[in-house]
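Engineer: heads up, no residue letters with this:
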Ligand SMILES: C[S@@+](CC[C@H](N)C(=O)[O-])C[C@H]1O[C@@H](n2cnc3c(N)ncnc32)[C@H](O)[C@@H]1O
């Protein structure tokens, strides 16, 4: 399948919805679609638009540097174990693996084999991939840095946010931090796209920054947040659909 075929897949899915009111199950679409990709560029393109492995690697380096590695909290971290929620093709695991002794990736998709191939091609061996349902296998208080980028906006409800926050609370070391990017609701509260309105690969969960900060603060000490981020971090231009919270376990 070529990248043009990916566009065709999305077009067909949208046409079926328009003509027959077909529903697209948000979670199943993220879980199942990647197994159809055996070509590396097509596989990577599903998770983060790309036309080559080189541009994925380059963009990953920029995202890592500008979205994660610049905070004071990040610089001060012990760099033993990092954990990514929603690793996709593995481009940010590859970045984290350069800074941390070990990286753990959690996802729901059904093609971990292609992520393993990508990481092997990039010379990364210090990683472990786990299905979302196996998060309990990560030991308590064992992780220095939990991070997630362009993932929470694709959840099918707030129960999933709660699931991950409770695991973050469990696995973070006392001095560890979590940095989570999430889809921003411009209005109040939470907005969720229903299966009938959901379009393949689009965002489905939008949370107002005030609501997200409130939820996070119930369990954690909020260290930093940003409600307005540049869409293009290199040129510092545009406005991202994401907002960000950075937090650690409550002290005492
Ligand atoms: C747009 S991709 C981003 C991948 C990666 N974070 C990156 O920046 O390249 C979204 C990822 O979130 C994953 N995802 C969607 N729902 C998830 C869930 N409930 N739990 C874990 N991962 C999920 C998808 O399988 C996909 O890998």
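Structural biologist: Noted; the coordinates are in hand. Every value quoted in this text rests on a predicted model; they were computed, and no experiment measured them.
Engineer: For residue 157, which residues are in contact?
Structural biologist: 192, 205 (C-beta atoms under 8 Å, 6 or more residues apart in numbering). Any C-beta I mention is one placed from the backbone N, CA and C, and that applies to glycine too.
Engineer: Quick check: buried residues in stretch 41-54?
Structural biologist: Applying a neighbour-count criterion of 16 or more other C-beta atoms under 10 Å, one finds 41-48, 50, 53 buried in stretch 41-54.
Engineer: now do the same end-to-end measure for that stretch.
Structural biologist: By C-alpha to C-alpha, to the nearest Å, the extent of stretch 41-54 from end to end equals 10 Å.
Engineer: Tell me if that stretch is near the ligand.
Structural biologist: Yes - using C-beta under 6 Å from any ligand atom, we find that stretch 41-54 touches the ligand at 47-48.
Engineer: Identify the residues contacting that stretch?
Structural biologist: 1-3, 5-6, 33-34, 37, 40, 56, 59, 88-89, 91, 111, 114, 118, 121, 150, 201.
Engineer: same deal with stretch 28-38?
Structural biologist: Outside stretch 28-38, the residues within contact range by C-beta under 8 Å, 6+ apart are 1, 9, 43, 46-47, 108-111, 114, 154, 198, 200-201.
Engineer: Helix or strand: which one has residue 168?
Structural biologist: Element membership of residue 168 [criterion: DSSP states H and E] is helix 158-171.
Engineer: Make sure I have this right: residue 239 is in a helix.
Structural biologist: No - using DSSP: H, G, I helix; E, B strand; the rest coil, the assignment for residue 239 is coil, not a helix.
Engineer: Next, the residue lying closest to it once chain neighbours are set aside: phi, psi?
Structural biologist: Nearest residue to residue 239, sequence neighbours excluded (C-beta to C-beta, 6 or more residues apart in numbering): residue 231, at 5.8 Å. Note on residue 231: its backbone torsions stand at phi -70, psi -40 [degrees, to the nearest 10].
Engineer: so what's residue 231 up against?
Structural biologist: Remark: with contacts taken as C-beta under 8 Å, 6+ apart, residue 231 is in contact with 237-241.
Engineer: overlap between the contacts of stretch 41-54 and the residues near the ligand?
Structural biologist: With C-beta under 6 Å from any ligand atom as the criterion, these include 88-89, 91, 150 near the ligand.
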